[in-house]
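> pasting the sequence and the predicted model now:
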Amino acid sequence: MSVPLNILDLVPIRDGSNAREAIDASMSAARVADEAGYRRLWFAEHHNTMGLAASATALLISQAASVTEKIRVGSGGVMLPNHAPLMVAEQYGTLANIHGDRIDLGLGRAPGTDGMTAQALSRSSAEPQSFAQNIYDMQGWFSSEGKAHTAPIESAVSANTEVPIWVLGSTTNGAAIAGQLGLPFSLASHFAPDQIDAAVRVYRESFTTEAPTAQIDKPYVMAGINVLVAETDEEAQREFTSVKQMFADIGRGRRRQLQPPIDPAEVEGGGENPMLQISAVGSPETATRQMSEFVERTGADELITVTYAYDPAVAERSLKLLADAWF
């Protein structure tokens with residue numbers, strides 16, 4: 001079952017490299033994705049993480065939009081508790097005015113960091129009611145009137161842009177919020193596989209078009225999956241050890257940049273990490289089969305792929321091989 005493919009980029013910083021080089025590599029990959037036919041390129045938001053350069057999401061989006069022509073570019077996502085909603089509306093309205101109707105706004109309630117850093121960033125509540133009200137106001141700022149629905153506050157730069165909003169989540173709670181708001185749902189199944197089936201079911205069951213925030217007429221799901229495609233299964237599995245090392249580091253609290261691949265047999269703990277259950281790794285035939293099975297399981301309308309590789313050329317080759325096999 002072939003559905004549109006998208007990319008989630010966390011802008012990994014390779015061992016021995018730096019943020020500037022990581023951003024350059026991501027912009028090069030953006031050009032590849034644009035030419036290959038991917039629908040969306042989203043950038044995540046993370047803080048206090050030495051191995052990732054995806055922090056100033058709006059700036060990455062603007063740069064990627066400026067080096068591409070067709071692909072939609074957006075956030076996967078803006079962690080709303082870290083930001084003033086008006087500022088988000090103004091930033092993404094500005095992006096839409098500069099780059100046209102190619103901007104997506106994915107919103108999440110998680111901080112995208114640890115508790116101490118979250119306190120340093122915190123600007124708004126993550127409570128569902130507050131989250132819903134913030135979305136309602138942002139939709140007002142994106143509307144033809146450019147005015148918040150709950151306060152007499154206007155935004156000229158976001159008016160008439162109608163930037164589409166997605167809700168991000170990894171649990172049934174996030175799914176229920178997306179459904180109750182009548183918004184498309186992006187499921188973080190690439191690192192949180194425990195509630196996939198329940199979350200999709202809850203989202204569809206709770207979906208309503210009656211909410212004032214509703215912007216679509218039926219449920220719409222995008223699901224995340226880790227992907228690494230190479231010429232052979234063996235080559236792909238070796239390259240994927242960079243990802244396995246990264247998740248092992250997370251589990252042990254080690255702060256390292258993205259490591260070079262190693263022999264799969266040498267990965268700590270055998271490399272079996274439950275957070276990486278939703279992965280498609282192998283030759284084009286193997287990876288697309290695994291992805292098709294995941295689409296069949298979830299009924300996803302789109303997939304968003306996450307590809308880490310120590311060598312940026314390997315990541316770009318993976319994008320190309322997958323596109324050639326999938327589209």
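Received the coordinates, thanks.
> wait, what's in contact with Met149?
One correction, residue 149 is His, not Met. By C-beta atoms under 8 Å, 6 or more residues apart in numbering, His149 lies in contact with 136-137, 139-140, 212. C-beta: built from backbone N, CA, C; applies to glycine.
> what do you get if the cut-off is 10 Å, keeping everything else the same?
Counting by C-beta atoms under 10 Å, 6 or more residues apart in numbering, His149 makes contact with 133, 135-141, 143, 212-213.
> would you map the strands across the chain?
Ranges of strands within the chain are 5-9, 40-43, 72-79, 103-108, 165-169, 185-187, 221-229, 279-282, 302-306, based on DSSP state E.
> between the contacts of His149, which is nearest Val73?
Met138 (18.1 Å; C-beta to C-beta).
> does that closest one really touch Gly93, like I thought?
Yes: applying C-beta atoms under 10 Å, one finds Met138 in contact with Gly93, separated by 9.4 Å.
> could I get the pLDDT score of the residue nearest to Arg256 when sequence neighbours are not counted?
Residue nearest to Arg256 in three dimensions, not counting chain neighbours: Asp249, with 5.3 Å by C-beta to C-beta, 6 or more residues apart in numbering. Looking at Asp249, its pLDDT stands at 92.
> neighbours of Asp249, how many?
17 (other C-beta atoms under 10 Å).
> now the strands of the chain in TSV, with mean neighbour count?
Output for those, formatted as TSV (neighbours: other C-beta atoms under 10 Å):
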stretch	mean neighbour count
strand 5-9	25
strand 40-43	27
strand 72-79	26
strand 103-108	26
strand 165-169	25
strand 185-187	29
strand 221-229	26
strand 279-282	22
strand 302-306	23
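> what bridges to Gly169?
Counting by DSSP bridges, Gly169 forms beta bridges with Leu187.
> surely it meets Ala176?
Yes: using C-beta under 10 Å, Gly169 makes contact with Ala176 at a distance of 8.7 Å.
> joint contacts of those two?
185, 199, 202-203.
> thinking again about what came up before, Ser155: which of the strands of the chain is closest?
Nearest to Ser155, of all these, is strand 103-108, at 13.7 Å by C-beta to C-beta.
> show me what that closest one is packed against.
Applying 3 or more C-beta pairs under 10 Å, 6 or more residues apart in numbering; DSSP states H and E, one finds that strand 103-108 contacts strand 40-43, helix 57-66, strand 72-79, helix 85-99, helix 128-142, strand 165-169, strand 185-187.
> show me what contacts the residue nearest to Gly74 when sequence neighbours are not counted?
In space, and not counting its chain neighbours, Gly74 is closest to Asp104: 2.8 Å by C-beta to C-beta, 6+ apart. Applying C-beta under 10 Å, 6+ apart to Asp104 gives the contacts 6, 39-42, 61, 72-77, 92, 95-96, 163-166, 184, 186.
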